[in-house]
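**Q** show me the folded form of this:
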Amino acid sequence: MKYLLFIFTLVLISCQSNSNKNYPAAENAFDAGREFIDAYLKGDFKRANFYMLQDAENTAILKKVEITYKNKSTEIRNQYQTASININSIEDVSPTETIINYANSYDNVAHKVKVILKDGKWQVDLKYTLDGNL
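**A** Numbers count the residues shown, from 1 in each chain. Sure, this is the predicted structure:
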């Protein structure tokens, strides 16, 4: 019985560790923002979540964004998935906060996203996404 419990525990740990697909940690604000934006455009919300600050409000916002994205037509989602990210500007507000102003090549609408350094990790904070839209 102990052996089966041990095997079950190993399988559970293995599944949990594979849930993030070993995404590389962001080395700076630009990396975190770019990875998040790219994941969003491609509809990879697990990867977007990995690069997002983990709290209840951000999780709720990302869920709404995911629902909106999935309600778009297949044609529009395909356009987003193949779009490039165009960085308009990067503003270092402080040593721990950066604002990335970007657009994508599909709709070319300017957006801003805030990236913060918290607990040694660069992460997107959707609560402070300045235009309320991705």
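**Q** how far does the strand or helix carrying K46 sit from its chain's centre?
**A** Using DSSP states H and E, the element containing K46 is helix 45-50. Distance of helix 45-50 from its chain centroid, counting by CA atoms, centre = their mean, to the nearest Å, is 5 Å.
**Q** what do you get for stretch 122-131?
**A** With CA atoms, centre = their mean, you get 10 Å for stretch 122-131.
**Q** which residues are contacting it?
**A** 26-29, 31-33, 36, 51-55, 57-58, 61-62, 65, 99, 110-116 (CB atoms under 8 Å, 6 or more residues apart in numbering). (C-beta placed from N, C-alpha, C; glycine too.)
**Q** tell me which residues in it are buried?
**A** W122, Q123, V124, D125, L126, T129 (16 or more other CB atoms under 10 Å).
**Q** what mean pLDDT does it get?
**A** What stretch 122-131 shows for mean pLDDT is 86.
**Q** one more: stretch 44-61?
**A** 96.
**Q** what's in contact with it?
**A** Contacts for stretch 44-61 (CB under 8 Å, 6+ apart): 19-21, 23, 26, 32, 35-36, 39-40, 62, 65-66, 69, 116, 118, 123-127, 129.
**Q** please apply the same query to stretch 87-100.
**A** In contact with stretch 87-100 (CB under 8 Å, 6+ apart) are residues 29-30, 33-34, 37, 101-103, 110, 112-118, 130.
**Q** just the buried residues of those.
**A** Buried among these (16+ other CB under 10 Å): 29, 33-34, 37, 101-103, 112-117.
**Q** as JSON lines, those residues with distance to D44 would be great.
**A** JSON lines is the format used below for the buried ones among the contacts of stretch 87-100 (distance: CB to CB, whole Å):
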{"residue": "A29", "distance to D44": "20"}
{"residue": "G33", "distance to D44": "15"}
{"residue": "R34", "distance to D44": "13"}
{"residue": "I37", "distance to D44": "11"}
{"residue": "N101", "distance to D44": "22"}
{"residue": "Y102", "distance to D44": "17"}
{"residue": "A103", "distance to D44": "19"}
{"residue": "K112", "distance to D44": "21"}
{"residue": "V113", "distance to D44": "16"}
{"residue": "K114", "distance to D44": "20"}
{"residue": "V115", "distance to D44": "18"}
{"residue": "I116", "distance to D44": "21"}
{"residue": "L117", "distance to D44": "23"}
